[in-house]
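>>> Output the structure for:
(one chain, ligands or ions: 1)
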Amino acid sequence: MRKFIAAANWKMNCTKEQAKTLAEDLLAVSHTLDKRHRVILAVPYPYLIMVHDIVHSNEYYSVAAQNMHHEKFGAYTGEVSAPMLKSIGVEYVILGHSERREQHGETNALIRQKIDLAMEYGIKPIFCCGEPLEVRERGEQNEYVMNQLQESLFHLDGAHMKKVVIAYEPIWAIGTGKTATIDQAQEMHFMIRSKLIKQYDENVANSVSILYGGSVKADNAEALFNCPSVDGGLVGGASLIAADFEKIIEGLKR
Ligand code: PEP
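Numbers count the residues shown, from 1 in each chain. Have a look, this model is predicted:
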């Protein structure tokens with residue numbers, strides 16, 4: 001059965017000391033969790049080992065990388081590969097975040113390559129999808145997101161698909177303070193799960209956690225997570241403040 005997940009995306013923030021304090025503080029809410037829950041901290045590369053060491057003895061916490069390269073090794077200055085992440089115990093990797101798509105020209109085809117590498121190395125992808133504002137305004141968000149799933153994920157067989165976490169992140173809601181309404185989130189998440197049932201089966205579809213991302217805050221998390229088709233959140237800004245992210249973790253379904 002799928003997990004209810006609070007995933008933090010720290011992006012390019014925190015010094016080493018700040019990262020250490022934040023990770024240690026976040027462990028404080030572990031008593032509110034049980035085996036249906038998972039807290040994932042997607043931290044900058046330099047802190048992956050340190051944060052992994054801080055949280056790994058707690059069964060409900062994992063670390064994630066925020067990206068990885070689409071090749072295994074080679075002359076790619078400044079890049080980080082799947083085997084490197086695997087060798088330091090990283091369990092998850094965010095792939096296809098809209099900031100990577102926009103700032104680094106990542107395409108659905110490139111993300112598919114990364115998904116396959118993550119699978120090869122047993123790293124679970126947190127696959128981000130979501131439409132830009134103009135697509136939402138044209139009412140074409142369902143087709144847009146379906147195409148992202150089709151081109152990057154749906155070549156996987158059911159056993160591999162079960163390892164994927166999907167994060168629906170409407171681009172117009174990321175870092176803008178504008179959150180999708182409960183109805184917008186529920187409608188998209190329901191559609192994604194229905195597509196998974198059609199493409200695979202109920203068993204696979206019910207194994208995939210579908211997170212909402214886009215201005216999730218301490219005061220709106222619980223309402224969003226209470227949508228029947230929402231299994232938690234991928235959180236940027238609010239994950240950098242321990243008290244706020246703790247509240248978001250507490251908002252996970254019980
Ligand atoms: C994100 O970057 O994945 C995100 C959802 O950011 P924020 O919560 O700040 O909107």
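>>> The stretch 1-150 of the chain: helices as residue ranges?
16-26, 48-55, 82-87, 98-104, 108-120, 133-137, 141-152 (DSSP state H, counting those that start in this stretch).
>>> Would you mind giving the ones you listed as JSON lines with mean pLDDT and mean neighbour count added?
For the C-beta atoms, the positions are set from N, CA and C on the backbone; glycine is no exception. Shown next, in JSON lines, are these (pLDDT from 0 to 100; neighbours: other C-beta atoms under 10 Å):
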{"stretch": "helix 16-26", "mean pLDDT": "97", "mean neighbour count": "16"}
{"stretch": "helix 48-55", "mean pLDDT": "98", "mean neighbour count": "19"}
{"stretch": "helix 82-87", "mean pLDDT": "98", "mean neighbour count": "18"}
{"stretch": "helix 98-104", "mean pLDDT": "97", "mean neighbour count": "16"}
{"stretch": "helix 108-120", "mean pLDDT": "98", "mean neighbour count": "19"}
{"stretch": "helix 133-137", "mean pLDDT": "94", "mean neighbour count": "14"}
{"stretch": "helix 141-152", "mean pLDDT": "98", "mean neighbour count": "17"}
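>>> Return the residues in contact with the residue nearest to Gly177 when sequence neighbours are not counted.
Sequence neighbours aside, Ser215 is the residue nearest to Gly177 in space, at 5.4 Å (criterion: C-beta to C-beta, 6 or more residues apart in numbering). By C-beta atoms under 8 Å, 6 or more residues apart in numbering, the contact list for Ser215 reads Ala173, Ile174, Gly175, Thr176, Gly177, Lys178, Thr179, Gly237.
>>> ok, those residues vs His69, which is closest?
Using C-beta to C-beta, Ile174 comes nearest to His69 of these, at 23.0 Å.
>>> Next one: the closest one from the ligand, what distance?
4 Å (C-beta to the nearest ligand atom, to the nearest Å).
>>> hmm, back to that, mind checking which of the helices of the stretch 1-150 of the chain is nearest the ligand?
Proximity to the ligand (C-beta to the nearest ligand atom) singles out helix 98-104 among those, at 6.6 Å.
>>> wait, does that closest one contact the ligand?
No: counting by C-beta under 6 Å from any ligand atom, no contacts exist between helix 98-104 and the ligand, the nearest distance being 6.6 Å.
>>> now swap in stretch 9-23 and tell me
Yes: counting by C-beta under 6 Å from any ligand atom, the ligand has neighbours in stretch 9-23: Asn9.
>>> Could you work out the end-to-end span of that stretch for me?
One end of stretch 9-23 to the other measures 12 Å (C-alpha to C-alpha, to the nearest Å).
>>> Pull the residues that contact that stretch.
Stretch 9-23 has contacts (C-beta under 8 Å, 6+ apart) with 41-44, 46-47, 50-51, 54-55, 66, 94, 97, 99, 213, 234-236, 239-240, 242.
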